[in-house]
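[1] This is a predicted model, with the sequence first.
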Amino acid sequence: MSERDLKVAMLRKAVHIIFCAILLLPLTKVLSLIPMDIEPLQYYLSLGVIAATVNSIQVKRPLLSVEIRERMISARKRILEEILNLRIMKILPLGQKVIEGIDELGDMLEKLESSFNEQIRRMERSYEKVGGYIGVTLGIIGVAFSYAMVRDYTIYGIYALMIMDPVGAIIGIMYGRNRIPFSNATIEGAAAEFIAFTIFLVFALSIDVYRSILIALIATVAEVFGVEDNLFIPVAVSLTTYILGI
């Protein structure tokens, strides 16, 4: 695996962690600061509708995002050109310097847009370009289902999703040599995510070692063999912690 692939994976996992943090919001005190009575299930269902809508647009109109970007670039260029063509710009003592500054700003924005588009293109997996960002939608469904079943125990499933997937992916890319049968995961990546989540459960959440190992083991199996880890990890971990009475 090249250094470029590792950087792309790290960027993807950074976005993944932000996504998990958004899923955590209704289970923390953050939303209580908003003067609206929003139940966690309402929050997750709303996110699900938004994600499904974006996903449908991407599947049905894959060129829509390209069209939107092109229109935004065109609008930005038109605005800058109108500013440059203002008569007052040619009269002002510093008008020429302002014009040059606007030209430089336009060039800088164009480079930033190109860089941003390239990063997005690199981050997209091949199946995401065809089938949309299904992982995000399924992650929300998994968390919403977990909350409907076991309420606040859902937070453990989100913790697992936030920690295990990034650790397993990065370690798997860097050191993974032994592929697990019937899975895309590696033994090295699976071991790393199992250890990381066990440590988190024991030291951050003060859960006893034996139950932490069992929870982390079930989470690892769900991550390694689940059809979509974003769906199965939160459900498996939330139900396990509920059964164990954490």
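    In hand now; what should we look at?

[2] can you list the domains in this protein?
    Listed by automatic domain parsing, the domain ranges of the chain are 3-36+137-244, 67-123.

[3] How far does the first one stretch from one end to the other?
    Spelled out, it's domain 3-36+137-244. Across domain 3-36+137-244, the straight-line distance between its terminal residues is 42 Å, by C-alpha to C-alpha, to the nearest Å.

[4] Tell me which of the domains of the chain sits most buried.
    Between the domains of the chain, the one whose residues have the most neighbours on average, counting mean count of other C-beta atoms under 10 Å, is domain 3-36+137-244 (a mean of 18). Using the backbone N, CA and C atoms, a C-beta is placed for each residue, glycine as well.

[5] Now do the helices for this protein: every range, in order, please.
    Listed in chain order, the helices found in the chain under DSSP state H are 3-24, 40-60, 64-84, 87-91, 95-123, 126-131, 134-150, 154-175, 187-199, 209-225, 229-244.

[6] show me what contacts Ser238?
    Listed by C-beta atoms under 8 Å, 6 or more residues apart in numbering, the contact set of Ser238 reads 146, 149-150, 153-154, 156-157.

[7] pLDDT below threshold where in the chain?
    Where the chain drops to pLDDT under 70, the residues are 1-2, 31-36, 58-69, 83-103, 106, 113-133.

[8] quick revisit: pipe the domains of the chain into a markdown table and attach distance to Val49 per row.
    Compiled in a markdown table, the domains of the chain are given as follows (distance: least, C-beta to C-beta, whole Å):
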| stretch | distance to Val49 |
| --- | --- |
| domain 3-36+137-244 | 9 |
| domain 67-123 | 20 |
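
[9] quick one on the thing from earlier: Ile215: which of the contacts of Ser238 is nearest?
    Each of the contacts of Ser238 was scored against Ile215 by C-beta to C-beta, and Tyr156 proved nearest at 7.3 Å.

[10] Not counting its neighbours along the chain, what's nearest the closest one?
    Closest residue in space to Tyr156, ignoring its immediate chain neighbours: Thr241 at 4.4 Å, by C-beta to C-beta, 6 or more residues apart in numbering.

[11] quick one: that neighbour from Ile218, how far?
    Distance, Thr241 to Ile218, by C-beta to C-beta, to the nearest Å: 10 Å.

[12] sorry, back to before: my guess is the residue nearest to Tyr156 contacts Tyr153. True?
    Yes - when contacts are counted by C-beta atoms under 8 Å, Thr241 is listed as touching Tyr153 (5.0 Å).

[13] of all the helices of the chain, which lies closest to Val30?
    In terms of C-beta to C-beta, the element of the helices of the chain nearest to Val30 is helix 3-24, at 8.5 Å.

[14] Contacts for the closest one, please.
    44, 47, 119, 122-123, 136, 139-140, 143, 155, 158, 161-162, 165-166, 169-170, 173-174.

[15] now do stretch 173-189
    If you take C-beta under 8 Å, 6+ apart as the criterion, stretch 173-189 is touched by 1, 5-6, 9, 167-169, 171-172, 190, 223-225.

[16] Could you pull up the residues touching the residue nearest to Tyr156?
    Residues in contact with Thr241 (C-beta under 8 Å, 6+ apart) are 150, 153, 156-157, 215.

[17] which one among those residues gets closest to Glu81?
    After measuring the contacts of Thr241 against Glu81 - C-beta to C-beta - the closest member comes out as Gly157, at 51.7 Å.
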